[in-house]
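Visitor: Sequence first, predicted coordinates after that:
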Amino acid sequence: MNTKERTGEQLPSEKGGKKRPWAAVIMAVIAALIVAACLMLVFMRKDGTVTRERAVLPRLTDVRPPRQKRLSGYLIAAGETAVVYGDRECTEAVELSRGTEVTYLDGKSDTVRIMWDSGAGYTLRENISTDITGALAEDTVYVRTTVNLLNKAGELTPYLAEKGSALTVQDCDFIDKNGRVNMYAVTAGENAGYIRAEYVAYSKEEADLYYDYNGQYAVHAGRGDIYGGGDAAGLDYFPREKGSFADNVMPETCRTLYIASWRVGDMDEYIALAQSSGINAFVVDITDGPTVGYPSPVMERYSPSTAASAVNTLESYRLAIQKAKDAGIYVIGRITTFNDSNFVSDHPECAITGVDGAPLTLSGAYWPSPYDRYVWQYKADLAVEAVELVGFNEIQFDYVRFPDLTAGYEREGTIDYRNTYGETKAQAIQRFLMYAADRLHDAGAYISADVFGESAYAYVTAYGQYWPAISNVVDAISGMPYPDHFASSGDWRPWEHPYETLLGWGKNAAARQGETATPARVRTWIQAYDAIREPYNEYGPEEIAAQIRGLYDAGLDGGYLTWNASSSLEKYGSVASAFAS
């Protein structure tokens, strides 16, 4: 052993403070290994591979809770109005439309803060649906107005939903911006379909009520079934929204010429006459009993015999109607509704028949039953098609009644009306017009109905027309008080006194108008032909002007329609000076 090493004496090689070179190398290698190991720990992935990305260690100030997700939904309500609150304690109520779109933050709290396009507030989380049709809260509605359920396309189903009955809500077609449902999807036992929201109520008590306008329901209830058309009490008088279309404006007063379908080839002459005389509307036949204006797909589908009876091509007829519209004339299409021999020849199973089951000839024609829903469907589809295919502003239903002069058959029990639902005649007529009005309004067009002059009196007629009930449904109602149709009294012949005759009749019609909540405009047919009864007096400009003046003096200022069966240009021209009176 080296004694100098034992005593701590420096060896010769350590003199001067110098270390051995190999020791420094070893220390450097160890330090490098330590640094490499640390770097491996920092940059190593979970799968054991190494990344060259720079690691960023979180700072304490960067650790925050996850952000809440913003959601959107729609307010739920059992009715058109949803209630939300302006404060979290839910004491300051705010009313919004059902289905209003709101945004809110996801979370676990039962009460959530919501925002809509014009404000903010609070509601319960359970009052928000993720889809618009889920905004319905009602599970049952009650029938306020008796109607047939519809399919989704708006066509009639066989099921008649009676007033006061309960319907189970399954869904709806859509909810508008005001929270209103258009049609509910409902079931009644095994029957399913749709019903328009305006025909239901949310309680049975409300559904069972009859609308009492200014105490007038008692007046209707007092008018019983005198002549076989039904009583007035069983009809519907709830207010109805009349048609109103920005792109199809009905004139306040329609001064109207009647044009038969076989005269549309003379449209240029009728337009010239109108422009020189103050006429602003035409009523043109689509169908007039067996005479048909043009063939159409709906006719082909329901009644090929009708299409085969057309007196014009579709193209020529449509061109004539467009000429009139281009001249600024409001054009009405006329359909004879329940007087239709062509249809009955194709569908005798829909006809009014005798006891042997064969169609009866009544007033010279076959009549499809006004109780028959297949007939309703055909006439409503034909009307909508005429608007969409031809371009009519309005559809007028004539012969919207049962045949008259059938009391003898009824007394003897030799007539079958095919009354499937046990309705009165007046109920069938009003319900058909309600369905047709809904369809036409959806198509952006107006509806009018022709009624006998007799219907202006205070009873339900034998053929099912009751003025207040019809006026409440349609946009315009057109009585037919032709002076030569009134009975004489001694030496008094009404057709010789057109002013007094129309004034007296007009006052009765005005009285009926006051008996309903939403009356139609009154646009009356006037006699534009020479009297057909002795002394066969001529109806010239003075007689035409006298009728018009009588109507206006009675308060009926919705205008008139000229009835001349042949649409005689010569006759119209001879009395044209009266039209602007």
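Guide: That came through fine.
Visitor: what about stretch 536-550, average pLDDT?
Guide: If you average the pLDDT over stretch 536-550, you get 98.
Visitor: quick one, what contacts residue 479?
Guide: Contacts for residue 479 (Cβ atoms under 8 Å, 6 or more residues apart in numbering) come out as 450, 451, 452, 453, 455, 456, 505, 509, 522, 524, 525. Heads up, the C-betas are built off the backbone N, CA and C, glycines and all.
Visitor: out of these, which one sits closest to residue 122?
Guide: Nearest to residue 122 out of those is residue 522 (Cβ to Cβ; 52.3 Å).
Visitor: What's the local residue count around that closest one?
Guide: 25 (other Cβ atoms under 10 Å).
Visitor: Please report the distance of the closest residue in space to residue 147 that isn't next to it in sequence from residue 220.
Guide: Counting by Cβ to Cβ, 6 or more residues apart in numbering, residue 147 lies nearest to residue 199, which is 5.3 Å off, once chain neighbours are set aside. Distance of residue 199 to residue 220, computed by Cβ to Cβ, to the nearest Å: 19 Å.
Visitor: returning to that earlier point: among the contacts of residue 479, which lie within helices?
Guide: The helices, defined by DSSP state H, take in 505, 509 from the contacts of residue 479.
Visitor: Highest neighbour count among the contacts of residue 479?
Guide: Among the contacts of residue 479, the one with the most neighbours (other Cβ under 10 Å) is residue 455, at 28 neighbours.
Visitor: Need the three-state assignment for residue 149.
Guide: Three-state call for residue 149 (DSSP: H, G, I helix; E, B strand; the rest coil): strand.
Visitor: Setting aside sequence neighbours, what's the nearest residue to it?
Guide: Excluding its sequence neighbours, the residue lying closest to residue 149 (Cβ to Cβ, 6+ apart) is residue 193, at 3.0 Å.
Visitor: Might you report the residue contacts of that neighbour?
Guide: If you count contacts by Cβ under 8 Å, 6+ apart, residue 193 has them with 149, 150, 151, 157, 159, 185, 186.
Visitor: what number of residues lie near the third one?
Guide: The tally of other residues near residue 151 (other Cβ under 10 Å) stands at 11.
Visitor: Contact partners for the nearest residue to residue 225 once chain neighbours are set aside?
Guide: Counting by Cβ to Cβ, 6+ apart, the nearest residue to residue 225 once its immediate chain neighbours are dropped is residue 231, at 4.5 Å. By Cβ under 8 Å, 6+ apart, the contact set of residue 231 is 221, 223, 224, 225, 424, 426, 460.
Visitor: follow-up on the earlier one: of residue 199 and residue 220, give the one with the bigger neighbour count.
Guide: Neighbour tally, residue 199 and residue 220, criterion other Cβ under 10 Å: the higher count belongs to residue 220, 24 against 21.
Visitor: Can you classify the more buried one by secondary structure?
Guide: helix.
Visitor: per-residue confidence for it?
Guide: Residue 220 carries a pLDDT value of 97.
Visitor: How about the contacts made by the nearest residue to it once chain neighbours are set aside?
Guide: Ranked by Cβ to Cβ, 6+ apart and with sequence neighbours excluded, the top spatial neighbour of residue 220 is residue 232, at 4.0 Å. Counting by Cβ under 8 Å, 6+ apart, residue 232 makes contact with 220, 221, 222, 223, 224, 426, 459, 460, 466, 468, 469.
Visitor: Quick one: the strands in the stretch 351-500 of the chain, in order.
Guide: 394-398, 446-452, 476-480 (DSSP state E, counting those that start in this stretch).
Visitor: Pairing partners for the second one, with directions?
Guide: What that stands for is strand 446-452. Partners of strand 446-452 in the sheet, by DSSP bridges, are strand 394-398 (parallel), strand 476-480 (parallel).
Visitor: so residue 162 makes contact with residue 146?
Guide: Yes. Residue 162 lies in contact with residue 146 (Cβ atoms under 8 Å); the separation is 5.4 Å.
Visitor: which of the two has more neighbours?
Guide: Remark: of residue 162 and residue 146, residue 146 carries more neighbours, 20 against 11, as counted by other Cβ under 10 Å.
Visitor: In the protein, where is pLDDT below threshold?
Guide: Along the chain, the model assigns pLDDT under 70 to residues 1-66, 581.
Visitor: domain parsing for it?
Guide: With domains defined by automatic domain parsing, the chain comprises 70-134, 138-209, 254-483+493-528+543-570.
Visitor: measure the closest residue to residue 486 other than its chain neighbours to residue 170 for me?
Guide: Closest residue in space to residue 486, ignoring its immediate chain neighbours: residue 494 at 3.7 Å, by Cβ to Cβ, 6+ apart. Per Cβ to Cβ, residue 494 is found 57 Å from residue 170.
Visitor: if we can go back for a sec, report the contact partners of the residue nearest to residue 147.
Guide: If you count contacts by Cβ under 8 Å, 6+ apart, residue 199 has them with 143, 144, 145, 147.
Visitor: could you redo the last one with a cut-off of 10 Å?
Guide: The contact partners of residue 199, by Cβ atoms under 10 Å, 6 or more residues apart in numbering, come to 141, 143-147, 161, 163, 183-184, 207, 236, 238, 434, 438.
Visitor: Put the alpha carbons of stretch 552-570 into CSV.
Guide: C-alpha atoms of stretch 552-570 as CSV (Å, rounded to 0.1, in the frame of the first residue of the first chain):
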residue,chain,number,x,y,z
TYR,A,552,-129.4,49.8,-51.8
ASP,A,553,-132.3,51.6,-50.1
ALA,A,554,-132.8,48.4,-48.0
GLY,A,555,-129.1,48.6,-46.9
LEU,A,556,-127.8,45.9,-49.2
ASP,A,557,-124.8,47.5,-50.9
GLY,A,558,-122.7,44.5,-51.8
GLY,A,559,-123.7,44.7,-55.4
TYR,A,560,-125.8,42.6,-57.9
LEU,A,561,-125.6,40.0,-60.6
THR,A,562,-127.7,40.1,-63.8
TRP,A,563,-129.7,37.0,-64.6
ASN,A,564,-130.3,36.5,-68.2
ALA,A,565,-130.2,32.9,-69.1
SER,A,566,-128.8,33.4,-72.6
SER,A,567,-126.4,36.2,-71.5
SER,A,568,-127.8,38.3,-74.3
LEU,A,569,-125.3,40.9,-75.4
GLU,A,570,-128.2,42.7,-77.1
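Visitor: buried residues in it?
Guide: Buried residues in stretch 552-570, counted by 16 or more other Cβ atoms under 10 Å: 552, 554, 556, 558, 559, 560, 561, 562, 563, 564, 567, 569.
Visitor: Okay, and which of these map to helices?
Guide: Counting by DSSP H, those place 552, 569 in helices.
Visitor: Out of the buried residues of stretch 552-570, the closest to residue 111 would be?
Guide: residue 558 (55.4 Å).
Visitor: Pretty sure that closest one sits against residue 474.
Guide: No. With contact defined as Cβ atoms under 10 Å, residue 558 does not reach residue 474; the gap is 11.9 Å.
Visitor: Give the residues shared as contacts by these two.
Guide: By Cβ under 10 Å, 6+ apart, the residues touching both residue 558 and residue 474 are 520, 521.
Visitor: what number of residues lie near residue 280?
Guide: 20.
Visitor: what's the answer for residue 105, then?
Guide: For residue 105, the tally of surrounding residues (other Cβ under 10 Å) stands at 14.
Visitor: which residues of the stretch 151-300 of the chain fall in helices?
Guide: 204-207, 217-221, 267-277, 297-302 (DSSP state H, counting those that start in this stretch).
Visitor: and after the last one, which helix or strand comes next?
Guide: It stands for helix 297-302. Helices and strands here follow DSSP states H and E; after helix 297-302, the next one along the chain is helix 304-308.
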